[in-house]
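In: Sharing a sequence plus its predicted fold:
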Amino acid sequence: MTLASFLLQLLNGLSSASALFLVAAGLTLIFGVSRIVNFAHGSLFMLGAYLAYAAGEFLGRGAASFWLGVLAAAVVVALLGALIEVLLLKRLYAAPELLQLTATFALVLIVRDAVLGIFGATDLLGPRAPGLDGTVRILDHLVPQYDLFLIAVGPLVLIGLTLLVTRTRFGVVIRAASENRTLTAALGIDQTRLFTLVFALGAFLAGLAGALQLPREPANLGMDLPTVADAFVVTVVGGLGSIPGAFLAALLISLTKALCIALGTVEVFGVAFAFPKLTLVAEFAVMAIVLAIKPHGLLGQPAGAPITTPLPEQRELVRAPSRIDARIALALLAVLALLPLLPDEYVVVLATDILVAALFAASLGFLLGAGGMTSFGHAAYFGVGAYVAAIAFKAGAPMPLAFLLAPAGALVAAIVFGWFCVRLSGVYLAMLTLAFAQIAWSIAFQWDSVTGGSNGLVGLWPPEWLAARDRYYLFTLAVTALGLVALVRLTRSPFGFALRGVRDSPLRAAALGIDVRRTQWRGFALAGLFAGIAGGVYAFSKGSISPETLAIPRSVDALVMVLLGGLNALFGPLLGAAAFTWLADTLARVTDYWRALLGVLILLIVLVFPMGVGGAVSRLAARRNV
């Protein structure tokens, strides 16, 4: 590694840090005031890029047109952000984080399909910035002038936001609302207007970042989720609500990536380490290390009392099954067992997918409901289970043995990851689970010799006695039924009650002699074990697996299923998995814009049935009994 190459990567990292800081600063402002976990922030970034492209096409070429287009794109995104806050998010300020995340993820689906309908699926390359389209020679390397411009933008925005927050009345109000919303309201400050303005400002910064990124990266439909994942990491590493912390975190993460690229391949004791491959996981590794040392981020402060009001159903366990429930379950089991008799084979395929999803969702529901721990990366254990089974099978292990190794591998991963995660709470815990999931995804994506890399592993078919579609379906039905029954019994066991006590009142539970962290750790590990069982079934049902098995969208899918079915509804996992899988499959065959329709339905569920269809049915049944 030469000094020149290191300097080149350093400058590239600094320019990336500026763009990342703009997005994270907006997310930090929004969370600091409203406490909304805005998964759609990456969509606002994507809209900024597309709108800047559209503005450039409309206004024409030229310096004035370019910069006017950038400003116009950011302003339009700010207006859209304000509209989103007024129409949707203000209804969710007191809602649990799960509902907030699900609602904003629905916005991701809607915005992506809206952009697809307006701009098409082709990547759109914007023009170079007039006056900044040349290069500067530094140590025999050519550095784009635009990159140097972006390096200056980040500190300027930091200075501007710092002055806004510390020297203006609006900034004082923002800081007051960040520290104590109740007291701020008691002082007569109009919080409704404040939240709208702050959300618009955060959206403006995201739109500005997307517009400024256009000369470096074409506008494309895949910009949203990776961007919001990076922004979440920066926000959490810096400390929730801290703008200077977000700036330091953006620098730390971007420079870590640049260093990995500059190092290239290094041989240590005869083993070659390809550091550029680590760029896919660098920010998540940094986040895991920082949160392990400083649980509240670099400049974050310990969070006060939670401002969300848990809904009544959140504080309940899965109710004890009655005789009627048992009869319904047996009747449902009989109906499902008879599905292979139908002439349409696709019904069996879809039912297999639903059963796998139901067990996966139930494992997450156990973690969220009884454990009270929000996970954004539960797909890690589903994917680890699938990969362990697949790798063992490809290595020559018989299918039954490979399948049994799936939950074992997931359990080990959950024990290791959970040891770090349960030391945190709230959004910090959720983001650390996301970090570990992305680390697992990166390993699966890059370890070509073991996991097959981006191509995954194929040829994972059950033995002949189980290979027929109807036989494997019955096997899946049996495993899922046993898994769901085990989770219900576990929730109603003494351990389940201890886990509930830790969830509701950690101090009181500790006073009663319950080891709080150990109890949460055991609950985390058990949730991972059941997710691994679902992953093992999934691997042999599809015949192949790929890194998307561990990706962020699969974790979010599980969260949506839990919400649709009802967090503590007895038949919630099955209802949620059936509704989500069937809707996604049906809508995908009807229209190219099925994601938007699915997003609208999810929003309706969040607003009308906040505890899911199963929760609404359970509540109605309870009222009738009364």
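Out: Perfect, thanks for sending it.

In: just so I have it, where are all the strands in the stretch 451-600 of the chain?
Out: 457-458, 544-545 (DSSP state E, counting those that start in this stretch).

In: Figure out which of the ones you listed is closest to Ala64.
Out: In terms of Cβ to Cβ, the element of these nearest to Ala64 is strand 544-545, at 52.2 Å. (Glycine included, C-beta is placed from N, CA and C.)

In: Longest helix in this structure, by number of residues?
Out: helix 3-34 (DSSP state H).

In: quick one: it to chain centroid distance?
Out: Centre-to-centre, helix 3-34 and its host chain are 20 Å apart (Cα atoms, centre = their mean, to the nearest Å).

In: buried sites along the helix or strand that that helix is followed by?
Out: Using DSSP states H and E, the helix or strand that follows helix 3-34 towards the C-terminus is helix 41-59. Using 16 or more other Cβ atoms under 10 Å as the test for burial, helix 41-59 gives 41-56.

In: Identify, from these, the entry nearest to Ala551.
Out: Nearest to Ala551 among the buried residues of helix 41-59, with distances taken as Cβ to Cβ, is Gly42, at 14.5 Å.

In: and the closest residue to the closest one other than its chain neighbours, how many residues sit next to it?
Out: Nearest residue to Gly42, sequence neighbours excluded (Cβ to Cβ, 6 or more residues apart in numbering): Val228, at 3.1 Å. Using other Cβ atoms under 10 Å, Val228 has 27 other residues around it.

In: Val228: what's it in contact with?
Out: Residues counted as contacts of Val228 (Cβ atoms under 8 Å, 6 or more residues apart in numbering) are Val23, Leu27, Phe39, Ala40, His41, Gly42, Ser43, Phe45.

In: ok so, going back, looking at the strands of the stretch 451-600 of the chain, which is buried most?
Out: strand 544-545 (a mean of 20; mean count of other Cβ atoms under 10 Å).

In: helices and strands around that strand, which ones?
Out: helix 379-394, strand 457-458 (3 or more Cβ pairs under 8 Å, 6 or more residues apart in numbering; DSSP states H and E).

In: can you pull the buried residues of the longest one?
Out: Right, the one you point to is helix 379-394. Buried residues in helix 379-394 (16+ other Cβ under 10 Å): 379-393.

In: Quick check: of these, which lies closest to Arg595?
Out: Using Cβ to Cβ, those come closest to Arg595 at Ala379, 18.5 Å.

In: returning to what we had before: want to throw the helices and strands packed on strand 544-545 into CSV with distance to Leu550 and mean pLDDT?
Out: Below are the helices and strands packed on strand 544-545 laid out as CSV (distance: least, Cβ to Cβ, whole Å; pLDDT from 0 to 100):
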stretch, distance to Leu550, mean pLDDT
helix 379-394, 3, 94
strand 457-458, 13, 90
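
In: measure Ala73 to Phe119 for me?
Out: 13 Å (Cβ to Cβ, to the nearest Å).

In: and if you look at Leu251?
Out: As judged by Cβ to Cβ, Leu251 and Phe119 stand 33 Å apart.

In: between these two, who's got more neighbours?
Out: Using other Cβ under 10 Å, the more surrounded residue of Leu251 and Phe119 is Leu251, with 20 against 17.

In: so the helix or strand where Leu368 lies versus helix 379-394, what angle?
Out: Per DSSP H and E: Leu368 is located in helix 345-369. Helix 345-369 runs at 130 degrees relative to helix 379-394, counting by axes from the mean of the first three to the mean of the last three Cα atoms, to 10 degrees.

In: Phi and psi next, for Leu240.
Out: Per-residue torsions, Leu240: phi -60, psi 130 (degrees, to the nearest 10).

In: Pretty sure it sits against Gly297.
Out: Yes: contact criterion Cβ atoms under 8 Å: Leu240 and Gly297 qualify, at 6.7 Å.

In: any residues in contact with both of the two?
Out: Common neighbours of Leu240 and Gly297 (criterion: Cβ under 8 Å, 6+ apart): Tyr428.

In: coming back round to it: the helix holding Leu368: how far from the chain's middle?
Out: On Cα atoms, centre = their mean, the centre of helix 345-369 falls 19 Å from the chain's centre.

In: Which other helices and strands does that helix contact?
Out: Checking 3+ Cβ pairs under 8 Å, 6+ apart, helix 345-369 ends up next to helix 469-491, helix 516-542, helix 552-565, helix 572-590.

In: Which strands and helices lie in contact with the third one?
Out: Helices and strands touching helix 552-565, by 3+ Cβ pairs under 8 Å, 6+ apart, are helix 97-119, helix 224-238, helix 345-369, helix 379-394, helix 426-446, helix 572-590, helix 594-608, helix 612-625.

In: can you give me the angle that helix makes with helix 345-369?
Out: Counting by the same axes, to 10 degrees, helix 552-565 lies at 80 degrees to helix 345-369.

In: How much space separates the closest residue to Asp113 other than its chain neighbours from Ala525?
Out: Nearest residue to Asp113 in three dimensions, chain neighbours excluded: Ala596, at 3.5 Å (Cβ to Cβ, 6+ apart). As for Ala596, its distance to Ala525 is 38 Å (criterion: Cβ to Cβ).

In: Can you get me a residue count around Phe436?
Out: With other Cβ under 10 Å as criterion, Phe436 counts 24.

In: from memory it sits against Ala380, does it?
Out: Yes: Phe436 is within contact range of Ala380, at 5.9 Å (criterion: Cβ under 8 Å).

In: List the residues that are in contact with both of the two.
Out: Phe417.

In: How about the backbone phi and psi for the residue lying farthest from the centre of the chain?
Out: The centre of the chain is farthest from one residue, Asp140, which by Cα atoms, centre = their mean lies 41.9 Å away. Backbone torsions for Asp140, taken as degrees, to the nearest 10, come to phi 70, psi 20.

In: same thing with Arg137?
Out: According to degrees, to the nearest 10, Arg137 has phi -80, psi 120.

In: Setting the sequence-adjacent residues aside, check what's closest to it.
Out: That would be Val143: by Cβ to Cβ, 6+ apart, it lies 7.7 Å from Arg137.

In: In terms of secondary structure, what does the helix or strand encompassing the one you found contact?
Out: In this assignment (DSSP H and E), Val143 forms part of strand 141-144. Applying 3+ Cβ pairs under 8 Å, 6+ apart, one finds that strand 141-144 contacts helix 3-34, strand 135-138.

In: Deepest in the core, which of the ones you listed is it.
Out: Greatest average neighbour count among the helices and strands packed on strand 141-144 goes to helix 3-34 (a mean of 23), per mean count of other Cβ under 10 Å.

In: Report the angle between it and helix 41-59.
Out: Going by the same axes, to 10 degrees, helix 3-34 is angled at 110 degrees with respect to helix 41-59.

In: and the angle from helix 3-34 to helix 224-238?
Out: Using the same axes, to 10 degrees: helix 3-34 against helix 224-238 is 80 degrees.
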